[in-house]
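Enquirer: Fold the following, please.
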Amino acid sequence: MERKNILLIGFMGTGKSTVSARLKKELDMKEVDTDMLIEKRQGMTISDIFAQKGEEAFRNMETELLKELKSERNLIISCGGGMALRDENAAVMKEAGTVVWLTAEPETILERVKHDDSRPLLRGNKNVEFIGNLLEQRYSKYKAAADVAVATDCRTVKDICGEIIRKVCEK
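Expert: Numbering: from 1, shown residues only. Down below sits the predicted model:
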């Protein structure tokens, strides 16, 4: 059965990639990780894109990719953490499918990303206060872009996916 797309948004470390992989199996849908696809197409890491081309260029790549994906169906789209920050992207996401906002507390996020050095925004800022401030700055954008929100703190991937499936099927 062909389904509407499910787009996962949220801050880094909220579980988008992990949840996306599980939903792909449970719902028999295809999976697209926007950051990985951009890296593949550009032939460089997100960190290198930020360093060499700038954040604005990267955000433009995200917008173009979203526009490309919105006409497809049966996709789980794991969006980069900053993708929902542009109003234009939020509008395209809503056209593309159901937008699920994965949330987590700053302490949970820090625990999940503390050994990951591939995140340009956290370089030299791996602490609860910095993450909390960024979350606060982004809160209204994530909220505006989302159709549903699902907390990921202290929960299994199976439990999170079960809640997403229930909420998306209700839409």
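Enquirer: next one: phi and psi at Ala151?
Expert: For Ala151, the backbone dihedrals (degrees, to the nearest 10) come out as phi -80, psi 140.
Enquirer: Could I get the full set of strands for this protein?
Expert: 5-9, 30-33, 75-78, 97-103, 148-151 (DSSP state E).
Enquirer: Using a markdown table, lay out these together with mean neighbour count, distance to Glu56 and mean pLDDT.
Expert: C-beta: built from backbone N, CA, C; applies to glycine. Output for those, formatted as a markdown table (neighbours: other Cβ atoms under 10 Å; distance: least, Cβ to Cβ, whole Å; pLDDT from 0 to 100):
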| stretch | mean neighbour count | distance to Glu56 | mean pLDDT |
| --- | --- | --- | --- |
| strand 5-9 | 27 | 20 | 97 |
| strand 30-33 | 18 | 21 | 96 |
| strand 75-78 | 26 | 22 | 97 |
| strand 97-103 | 23 | 23 | 97 |
| strand 148-151 | 18 | 28 | 97 |
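Enquirer: Residue for residue, what is the longest helix this protein has?
Expert: Looking only at the chain and at elements set by DSSP state H, the helix with the highest residue count is helix 128-145.
Enquirer: in that helix, what counts as buried?
Expert: For helix 128-145, a neighbour-count test (16 or more other Cβ atoms under 10 Å) marks Ile131, Leu134, Leu135, Arg138, Lys141, Tyr142, Ala145 as buried.
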